[in-house]
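**Student:** Generate a structure from the sequence data that follows.
(chains A and B)
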Amino acid sequence: MHIYVIEDDESVREQLAVLLQRAGYEVTCACRFDRLVDDVLAASPDLVLLDLGLPGTDGQIVCRELRRVSHVPIVVVTSRATDLDEVMSMSLGADDFVTKPYNPSVLLAHIEACLRRVKGPNAQLASTLECAGVSLDLARCTASYEGKSVELTKNETRILSLLMRRAGRVVSREDIMVELWNSDAFIDDNTLTVNMNRLRKTLASIGVEDFLRTHRGLGYSAETSR
Amino acid sequence: MSARERRGRGLSLVAYLRGHAATVLVGIAALAFLWPLLRLTGMTGQLAALFVVLSALVLGAMGLINYLRTRSWCQAFQEIADEPDRALARASEMGEPDGAEARIAYEALEALRVQAAYEVGESQRREREHREYVETWVHEVKTPLAAARLIIDNEDGRVPRSLTTELDRVDALVEQALFFARSSCVEKDFRIRSCEASALVRDALKSRAAALVSARMTVSMEGLEGVTVFADAKWVVFVLGQLIDNAVRYRREDGACRIDFSASREDEGKADERVVLKVRDNGCGVSAADRGRVWEKGFTGSNGRTHAKSTGIGLYLVRNLCQQMGIATSLSSVEGQWTCVSLTFPANRMHMLEE
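**Tutor:** All right, here's what the predicted structure looks like:
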């Protein structure tokens, strides 16, 4: 999947590129803003990430122009967080709307949801994580190991994906909880313990043992090799 | 005589005469002088008396005409004085009066009105400029903040989480500055729409996730599903964020901290049907002495002295923003046990039609 990033702030642009590349997307960044529509058409991306506050041109105009000549999904990013901006962008043809300062995982979730909406549920999204022989399919919420696979709950999937993305490093309980909160699961400390235990049991059912380690007082980590 | 007593009476004849006492006295003296003068010319008493009476009538008629004219233009000025709150509006409605004196007074009033209008306009312009600057600044500062968050995330957990917490605090303060600028603004820039209470609470919780998780707060939500309220979503999420900040700041120290959100519909089916959204914590509470003043700007009370980072801005903004949206706010508490802030949303849809 190819994402075209239109963002005027250099550090945000660079960091966005890193974030998206790590999430498995191919990324092109706009480096000039005078012939944006032509540049986007030439690159023919699967999705455009558009910042509304561009120099010299209004992001909303770009959005409208782009929509006139292409059906490419557009996710608008803006720091102007008023309802009016949201309504305007949507009426100009944007598919989704994210306000700054966004949480990176929220942004990724919006992009993925948008791609899935446009490309259909079976789109080949960059949604598989692999680590020490264990693979996690984020779209289907399944973990597989040596040909066996098992379904995970949403919370288990989120926990496992965070641990696998940071494999080999300790992830604190707080980090895991904040990640879950960001997807509407406002769990407390005890519930996290229950979730962790259940996740371990589920993984054990497909033969994955000792994959997730507990670091007392610190958090959890996923093993990089076994 | 006070202004209130004078109100609405206009120029009375007595007051007019008192103001023209010298003219009246000269007139009477002239009449009194006329009688002996006429007699001296050898006029008969009857004829002289007729002359004097006729002269008196002419003088009286002139005085009356002058009184009526003066009263009519004074009436317009009187109306301005009667409504000090709307003085500027009344002055601009006033037409140009007849008579030289009246015109001078009118011109002076015009000059005052023009200068006042200019100065009001000027101060409104400055206020608007300041507000626009704050809004632009807030939007600008969000870009480096977004960059910082991306950097932290791209470092994949190698950056201490405390940095994220600090960034959250900067976000919250920046947001507060934005809403402070909005709160003092005369123009309404919110849109009342139907919102899901549960979505509002969830958004507010997410914006404070790191702080709530580090404080080990347990969150519960009750009766929120399916409840809709009429408000501006962004504003209410900000308001709830302030209440969450308070719950975190004034939490109990022995652990087991809770924050509970609940919603209920009151007087259902009646004209004043309303939705009450309650945010209740089990923190240190507010003393009875402080309870009445918590909504004041800059008031921190006894909790403010014992807890760092009390600003006295949060609840002030909460009440201010809620008032603008027609949401009633109230706080109840038992010191040392709990605090509960209620937001009462009118359920009546007529409220929406105002927009």
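
**Student:** Counting neighbours, what do you get for the closest residue to chain A within the stretch 101-250 of chain B?
**Tutor:** The stretch 101-250 of chain B approaches chain A most closely through B:L150 (3.4 Å), counting by C-beta to the nearest C-beta. For glycine as for every other residue, the C-beta is placed from the backbone atoms N, C-alpha and C. For B:L150, the neighbour count with other C-beta atoms under 10 Å in any protein chain shown is 24.

**Student:** Next: B:N282.
**Tutor:** 19.

**Student:** What pLDDT is listed against it?
**Tutor:** B:N282 is assigned 93 on the pLDDT scale.

**Student:** what's the answer for A:E151, then?
**Tutor:** Reported pLDDT for A:E151: 92.

**Student:** Where do the strands of chain A begin and end?
**Tutor:** Assigned strands in chain A, in chain order: A:2-6, A:26-29, A:47-51, A:74-78, A:96-99, A:128-131, A:134-137, A:142-145, A:148-151, A:171-172, A:212-215, A:219-222 (criterion: DSSP state E).

**Student:** now the stretch 201-350 of chain B
**Tutor:** Secondary structure of the stretch 201-350 of chain B (DSSP state E, counting those that start in this stretch): strands at B:218-222, B:228-231, B:258-266, B:274-281, B:328-334, B:338-346.

**Student:** who touches the nearest residue to B:D281 once chain neighbours are set aside in this structure?
**Tutor:** For B:D281, ignoring the flanking residues on the chain, the nearest one in space by C-beta to C-beta, 6 or more residues apart in numbering or on different chains is B:A247 at 3.8 Å. B:A247 sits next to B:M217, B:C257, B:I259, B:V279, B:D281, B:G283, B:T339 when contact means C-beta atoms under 8 Å, 6 or more residues apart in numbering or on different chains.

**Student:** mind listing what the fourth one touches?
**Tutor:** Contact criterion C-beta under 8 Å, 6+ apart gives B:L240, B:L243, B:I244, B:A247, B:I259, B:D260, B:F261, B:C340, B:V341, B:S342, B:L343 as the residues in contact with B:V279.

**Student:** one more time with 10 Å
**Tutor:** B:201, B:204, B:239-240, B:242-244, B:246-247, B:259-262, B:331, B:339-343 (C-beta atoms under 10 Å, 6 or more residues apart in numbering or on different chains).

**Student:** For chain A, see how far away B:N320 is.
**Tutor:** To chain A, B:N320 is 18 Å away according to C-beta to the nearest C-beta, to the nearest Å.

**Student:** In space, what's closest to that residue - neighbours in sequence excluded?
**Tutor:** Per C-beta to C-beta, 6+ apart, closest to B:N320 is B:S183, 4.5 Å.

**Student:** and that neighbour, what pLDDT?
**Tutor:** Looking at B:S183, its pLDDT reads 83.

**Student:** cool, and the one 4 residues further on?
**Tutor:** Looking at B:E187, its pLDDT reads 66.

**Student:** count of neighbours near the closest residue to chain A within the stretch 251-355 of chain B?
**Tutor:** Chain A sits closest to B:R258 of the stretch 251-355 of chain B, with a gap of 9.4 Å, by C-beta to the nearest C-beta. Residues near B:R258, counting by other C-beta under 10 Å, number 17.

**Student:** Skipping its backbone neighbours, what lies nearest the residue of the stretch 101-250 of chain B closest to chain A in space?
**Tutor:** Counting by C-beta to C-beta, 6+ apart, B:L150 lies nearest to A:Q15, which is 3.4 Å off, once chain neighbours are set aside.

**Student:** correct me, but that neighbour touches B:L145?
**Tutor:** No: if you go by C-beta atoms under 10 Å, A:Q15 and B:L145 don't touch, sitting 11.9 Å apart.

**Student:** Those two: which has the busier surroundings?
**Tutor:** Using other C-beta under 10 Å as the criterion, A:Q15 and B:L145 rank with A:Q15 on top: 22 against 19.

**Student:** residue contacts, the more buried one?
**Tutor:** A:E7, A:D9, A:P104, B:A146, B:A147, B:A148, B:R149, B:L150, B:I151, B:I152, B:D153, B:N154.

**Student:** Now for those: which two are most distant?
**Tutor:** For the contacts of A:Q15, the maximum inter-member distance is 17.7 Å, found between A:E7 and B:I152 (C-beta to C-beta).

**Student:** who's more crowded, the two?
**Tutor:** Set A:E7 next to B:I152 and count neighbours by other C-beta under 10 Å: A:E7 wins out with 24 against 19.

**Student:** Could you pull up phi and psi at that one?
**Tutor:** phi -150, psi 130 (degrees, to the nearest 10).

**Student:** Quick check, central residue of chain A?
**Tutor:** Nearest residue to the geometric centre of chain A (C-alpha atoms, centre = their mean): A:L108, 2.2 Å.

**Student:** burial measure for residue 119, as a count.
**Tutor:** I'll assume chain A. 15.

**Student:** Oops, wrong one, chain B.
**Tutor:** 10.

**Student:** One more: the one 5 residues further on?
**Tutor:** By the measure other C-beta under 10 Å, the count of residues near B:Q124 is 12.

**Student:** looking at the chain, which helix or strand is least sure?
**Tutor:** As the question left the chain open, I've gone with chain A. Lowest by mean pLDDT, DSSP states H and E among the helices and strands of chain A is helix A:83-91, with a mean of 71.

**Student:** Need the pLDDT of the closest residue to B:L145 other than its chain neighbours.
**Tutor:** Residue nearest to B:L145 in three dimensions, not counting chain neighbours: A:P101, with 4.2 Å by C-beta to C-beta, 6+ apart. pLDDT, A:P101: 74.

**Student:** Would you mind confirming that A:P101 makes contact with B:V174?
**Tutor:** Yes: if you go by C-beta under 10 Å, A:P101 and B:V174 touch, sitting 8.7 Å apart.

**Student:** okay, and the common contacts of these two?
**Tutor:** By C-beta under 10 Å, 6+ apart, A:P101 and B:V174 have these common neighbours: B:V141, B:K142, B:L145.

**Student:** ok, the second one - how many residues close by?
**Tutor:** By the criterion of other C-beta under 10 Å, B:K142 has 23 neighbours.

**Student:** Quick check: what element follows whichever strand or helix holds it along the chain?
**Tutor:** If you go by DSSP states H and E, B:K142 is part of helix B:100-154. Sequence-wise, the next helix or strand downstream of helix B:100-154 (DSSP H and E) is helix B:161-183.

**Student:** how about whichever helix or strand comes after that next one against chain A, any contact?
**Tutor:** Later in the chain than helix B:161-183, the nearest helix or strand by DSSP H and E is strand B:193-196. Yes: contact of strand B:193-196 with chain A (C-beta under 10 Å from any C-beta of the partner chain) involves B:R193.

**Student:** Show me what the mean pLDDT comes to for strand B:193-196.
**Tutor:** For strand B:193-196, mean pLDDT is 88.

**Student:** Give me the buried positions along that strand.
**Tutor:** By 16 or more other C-beta atoms under 10 Å in any protein chain shown, the buried positions in strand B:193-196 come out as B:C195.

**Student:** Quick one: end-to-end length of stretch A:143-153, please.
**Tutor:** 11 Å (C-alpha to C-alpha, to the nearest Å).

**Student:** What is the distance between it and the centre of its chain?
**Tutor:** Distance of stretch A:143-153 from its chain centroid, counting by C-alpha atoms, centre = their mean, to the nearest Å, is 22 Å.
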